[in-house]
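Q: Predicted model and sequence below, questions to follow.
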Amino acid sequence: MISLEAERLLLRNFTMDDLADMLEISQQYEQTEMAQYDHQFPQTKEGMKEVMEFLSSGDSFAAVVYKENQKVIGLIQFQRKDKFPDEIVHGFGYIFNSDYQGKGYALEACRKALEFLFEELKIDRCIAGTAAVNSRSIKLLEKLGFKQINQKTAHFRQDSKGKPIEFLSLEFELTVDNWKKI
C-alpha cells in the first residue's frame, strides 16, 4: 500500500474514483508533440476504465494528488525490473496534468517516490527513459540525480501511412550511491 506525503502532494494507490482526473491527463497528453514518442493513451471513459483497473491493481503506480483540491495531477510508475536477478531495479516514469506543470510538483513528487524506493524498499537503482527531444523530462531526471547511460532508436507509434515514428530514446540511471549524495 502506497501512502506518502510531501509538502503539497500525496502519493497513494490509484482507485477507480481517479478515472476522470486520469482521463483529463491522458487527453491533454495526446494533444502534445511528445505523445508521438510514447504508447497511445486512452481517450475515452471506457478505455480509461480498463487502464484504471490495471493502475489500481498493485503498488507499481502512484497517484499524485494535489492536497489543496484532492485532484489527481499525475502518475508515477515504479515497476520492478525482473531482468536484473542480482539487483533490485525499478523502472521509473511519470506523467503530469499540463495545468500543473512548471510549478515544481513533478520534482516534489518524484523526489518523494525515489525516497520511498531507495530508503524504504532498499532498491539498488532506477532506470528511466525519455525521448531526446523531451528537454523538460531530461531536465527533471537530471535534477533528480539521474545520469544518462544509453541511447537508442525506438518507436511506439506509426504515422498515418503506417510507417514507424522513430526517435532517439535516452536511458537514464539513478543508483543508490548517487541517491545518497543528493
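A: All right, it came through fine. Numbering: from 1, shown residues only.

Q: give the contact list for the nearest residue to residue 87 once chain neighbours are set aside.
A: Leaving aside its chain neighbours, residue 87 sits nearest to residue 124 (4.1 Å; criterion: CB to CB, 6 or more residues apart in numbering). For glycine as for every other residue, the C-beta is placed from the backbone atoms N, C-alpha and C. Each residue near residue 124 by CB atoms under 8 Å, 6 or more residues apart in numbering is listed here: 84, 87-89, 175-176.

Q: Which members of the residues you listed are classed as buried?
A: 89, 175-176 (16 or more other CB atoms under 10 Å).

Q: In strands, which of those fall?
A: 89, 175 (DSSP state E).

Q: What is the nearest of the buried ones among the contacts of residue 124 to residue 120?
A: Distance to residue 120, by CB to CB, is smallest for residue 176 among those, at 12.3 Å.

Q: My read is that that closest one contacts residue 123, right?
A: Yes. Applying CB atoms under 8 Å as the test, residue 176 and residue 123 come out as touching, 6.9 Å apart.

Q: Just the element for the nearest residue to residue 94 once chain neighbours are set aside, please.
A: Distances taken as CB to CB, 6+ apart place residue 76 nearest to residue 94, at 4.9 Å, with adjacent residues excluded. Secondary structure assigned from DSSP states H and E places residue 76 in strand 71-80.

Q: in that strand, what counts as buried?
A: So, applying 16+ other CB under 10 Å, buried residues of strand 71-80: 71-78.

Q: Neighbouring strands of it in the sheet, and parallel or not?
A: Strand 71-80 has the following sheet partners, assigned by DSSP bridges: strand 61-66 (antiparallel), strand 89-96 (antiparallel).
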